[in-house]
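> here is the input, now give the coordinates:
(chains A and B)
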Amino acid sequence: MNIFEVFLKKDGKDEFRHAGSLEAADADLAMILARETYARRAEGDQVWLVDRRDLVVSDPRFVEPNTDKPHRHNDGSLVAAHRKAQRALRDASA
Amino acid sequence: MTGVDGDGATRWSASEAEHLLAFADDEHLMGQQHTEWIGTAPFLEEDLAFCSIAQDELGHAAALYELLGDVDRLAFGREAAGYRSCSLVEVPCAQWELAIARHWLYDLAEQLRWDALDTAAAPDRGDLAGVIARAQHEEEYHRIHVTTLVGTLRTAGEASCRRLDAAIVAMLPDADALWQPLDGEPELVASGFLSDDSASMQSRWRDEVDAVVGPVHWETLAAAEGTRHERTPHFGPLYDRITEVFRLDPTATW
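Numbering: from 1, shown residues only, chains lettered A, B, ... in the order given. All right, here's what the predicted structure looks like:
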């Protein structure tokens, strides 16, 4: 038995999204079981299956150095505050 | 005719009603038998697949009963003698490989039966055309499911193949008896209600079975446990189980 990762896409512009995984003896059976397990309520109208053995998987430590870099998070609030202050200065001098 | 009431009695001839009733009874009991695997199938994905297929078969039964009269009364409120089911759908399949074997043998036959009924659709016959079209669409998937499963198990190794083939052979007497015709069948073929008779469908069905596990010595098969007019000993317990909730209050509206 192999593990397959199941991706579903709904009609329209939505992208394929990971729905879950399942175990199956081969790709044909996996597709049939994916239909039953993840699309039985028409959760998607297209299915992608990826054999987990075909995935390129990172080492857990590979991304770890980036967990402590808050300066790379930008919600725009600093820029917004700066622009607001600049506008106030301009209005005051007008 | 037994078990048919209301509008249904006027829309169908006695032979037509009996044919639809026998088909509905088969679908009903087949669906009920598949539900036995909910929560107990060997793995989750097949558990769900059997559950969905059971729902489809029960849906086909309900749709056919509805053409004949009151669904609940026909499904649950009849005497055992009024049923026209075949023995294949009455026997218990406690082992997984027997359930797969029955699913395969039954669904190969079911396709032929819907296709033969296709010509029966007519404006004065309610939504029979819609029922047939929906069932054929759903059955396409049932067949893909079970033929892929059977193909995989038969090529997964000698032990697996031997075990499944033994299960198929064990189910053959009851499966072959599914084709015993009802008394009114010649009339239905003559009128065009059926495009094919049971003997011809049985012959094509046997070819399909032979192509996978054959050659089967059909002429030496053991006799089935019952006929469409005679319930097997397994019907009683099955009937008690499936009518348990209905019998609590037969007049309840669900």
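
> contacts for stretch B:229-240, please.
Under the contact criterion C-beta atoms under 8 Å, 6 or more residues apart in numbering or on different chains, stretch B:229-240 has outside partners B:29, B:32-33, B:80-81, B:83-85, B:87, B:90-92, B:225-226. From N, CA and C alone the C-beta is placed, and that goes for glycine too.

> and if you look at stretch B:46-55?
Contact with stretch B:46-55 is made by A:32-33, A:36-37, A:40, B:31-35, B:37-41, B:99, B:103, B:142, B:145, B:149, as judged by C-beta under 8 Å, 6+ apart.

> what's the local residue count around residue 36?
All of this refers to chain A. Neighbour count for residue A:36, taken as other C-beta atoms under 10 Å in any protein chain shown: 21.

> switch to chain B, that's the one I care about
17.

> from residue B:50, how far out is it?
Plainly put, residue B:36 is 9 Å away from residue B:50 if you go by C-beta to C-beta, to the nearest Å.

> same deal with residue B:146?
As judged by C-beta to C-beta, residue B:146 and residue B:50 stand 10 Å apart.

> overlap of the contact sets of the two?
residue B:103.

> and the residue in chain A that chain B sits nearest to, what element?
Residue of chain A nearest chain B, by C-beta to the nearest C-beta: residue A:33 (3.9 Å). Taking DSSP states H and E as the criterion, residue A:33 maps to helix A:27-38.

> report the next helix or strand after that helix in sequence order.
strand A:46-51.

> so for that next one, mean pLDDT?
Rounded to a whole number, the mean pLDDT of strand A:46-51 is 97.

> can you flag the buried ones in the contacts of stretch B:46-55?
Buried residues within those, defined by neighbour count using 16 or more other C-beta atoms under 10 Å in any protein chain shown: A:32-33, A:36-37, B:31-35, B:37, B:41, B:99, B:103, B:142, B:145, B:149.

> take the residues you listed and keep only those in helices.
Among the buried ones among the contacts of stretch B:46-55, DSSP state H puts A:32-33, A:36-37, B:31-35, B:99, B:103, B:142, B:145, B:149 in helices.

> closest one of the residues you listed to residue B:196?
Using C-beta to C-beta, residue B:142 comes nearest to residue B:196 of those, at 20.1 Å.

> roughly how far does that closest one sit from residue A:17?
From residue B:142 across to residue A:17, the span is 28 Å (C-beta to C-beta).

> thanks again, I'm all set now.
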